[in-house]
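Asker: coords please:
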Amino acid sequence: MKKSGFITLILALACFTAQADPPRLVIGAVYVGSVNDYGYNRSFHDALAQVARDLPGVKVLEAENVPESATAEGIMEGMIQQGARLIFPTSFGYAASARKVAKRHKDVAFEYAGDGDASRNFGVFFGSTQIAWYPMGVAAGRMTKTNKLGFVVGMPIGYALGNVNAFQMGARSVNKKVQTVVVVTGGWADKAKEAGAANALMDQGCDVVGMHVDSPATIIQTVEARGGMSIGFQSTEARALAPKGWITGLGFTWAPFFTKVARDVMAGKFRGEAVYQGLGGMVAIAPFGPSVSADVQRQVNEAAQKIIKGFNPFTGPIKDNRGNLVLPPGASIGSDQMGSFDWYAEGIIGKVR
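Answerer: Numbering: from 1, shown residues only. Got it, this is the predicted structure:
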């Protein structure tokens, strides 16, 4: 999730004045983009702001638009020099830099948004979104009038393919005629290509569009301007961008986990571990738009509850969009394998490579 641009430093203070006692905990967070993106980076900013409100004496240092390079390493070092005892490197591309800094500062806790191994002072976490996209597909399958859905993907990594697959499978569960057309932009944050992809999907008759990019803003606004409907991603606040065409979306709800981690650090109890949560944990369904009927809302919520109770749509038999049996009867893909997708499900129009 690489981005270019200047680095912005933000200082958010909780319970802090010139005469105040020193903060009980200084938290540092490094972002690959802007916290005003209505998407990935905003989800972390909003969560840490909630932590600062809920835990007296917490001070938050934030750096925006930080490249996935040695620059990130320097930013994290600087935060530690300012007293940070908990660091959140929030992009997958910060892994190498974050692990280097963590090895040099064993007394500082790190929570890395990504995957890989955890260690004593290095935790790993992320929201499991793939299965959670299934009820989003239910919403799209019920709301479409053309039976053609669109999905914009930044990079065709396994996690993104899993999102698209669950979306199509959820839609097909309520609408056997539905298809999903995929457009890949080749980057996580290219507004021009995202607008072009959204327009191309609308030109092909897709009336509901979902996405997996860092910021959903450009796609949602483009679809809204053309009278289409959107399924948002990353931040539930994206609904503000589509007053007419918003259906619902998925948003990360990091605050409870971040609060627990902050408390553990303050109590000297932090131990790095790998934590992945889906619906009901780190992922939530956004409020519905005004055009979504009570019946559709009920069906989406029922699908979500089914997943929370253990339903896994990635259970065979499942065929890909070329007719190959990719999951035989009884076989399934677990939450720890979501990055391994290299196929599109039946009914998806697009190529993985």
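
Asker: nearest residue to S34 other than its sequence neighbours?
Answerer: Residue nearest to S34 in three dimensions, not counting chain neighbours: E64, with 5.4 Å by C-beta to C-beta, 6 or more residues apart in numbering. Bear in mind the C-beta positions are built from the backbone N, C-alpha and C, glycine included.

Asker: what is the burial count for the one you found?
Answerer: When neighbours are defined as other C-beta atoms under 10 Å, E64 has 22 of them.

Asker: what about it, distance to H45?
Answerer: According to C-beta to C-beta, to the nearest Å, E64 and H45 sit 9 Å apart.

Asker: try V181
Answerer: Counting by C-beta to C-beta - V181 and H45 are separated by 32 Å.

Asker: and if you look at K106?
Answerer: Here the criterion is C-beta to C-beta. By it, K106 lies 28 Å from H45.

Asker: same question for I318.
Answerer: I318 is 37 Å from H45, by C-beta to C-beta.

Asker: returning to that earlier point: more neighbours: V181 and H45, which one.
Answerer: More crowded of V181 and H45, by other C-beta under 10 Å: H45, with 23 against 18.

Asker: wait, isn't that one in contact with S34?
Answerer: No. Using C-beta atoms under 8 Å, H45 is not in contact with S34; the gap is 9.2 Å.

Asker: hey, which helix is longest across the chain?
Answerer: Counting by DSSP state H, the longest helix found in the chain is helix 158-174.

Asker: next structured bit after that one?
Answerer: Per DSSP states H and E, the first helix or strand lying C-terminal to helix 158-174 is strand 179-184.

Asker: distance from that next one to the middle of the chain?
Answerer: Centroid separation between strand 179-184 and its chain, computed with C-alpha atoms, centre = their mean, to the nearest Å, is 19 Å.

Asker: now for that strand, which elements pack on it?
Answerer: strand 148-153, helix 158-174, helix 191-203, strand 348-349 (3 or more C-beta pairs under 8 Å, 6 or more residues apart in numbering; DSSP states H and E).

Asker: again, 10 Å this time
Answerer: Contact partners of strand 179-184 among helices and strands, from 3 or more C-beta pairs under 10 Å, 6 or more residues apart in numbering; DSSP states H and E: helix 133-143, strand 148-153, helix 158-174, helix 191-203, strand 208-212, strand 348-349.
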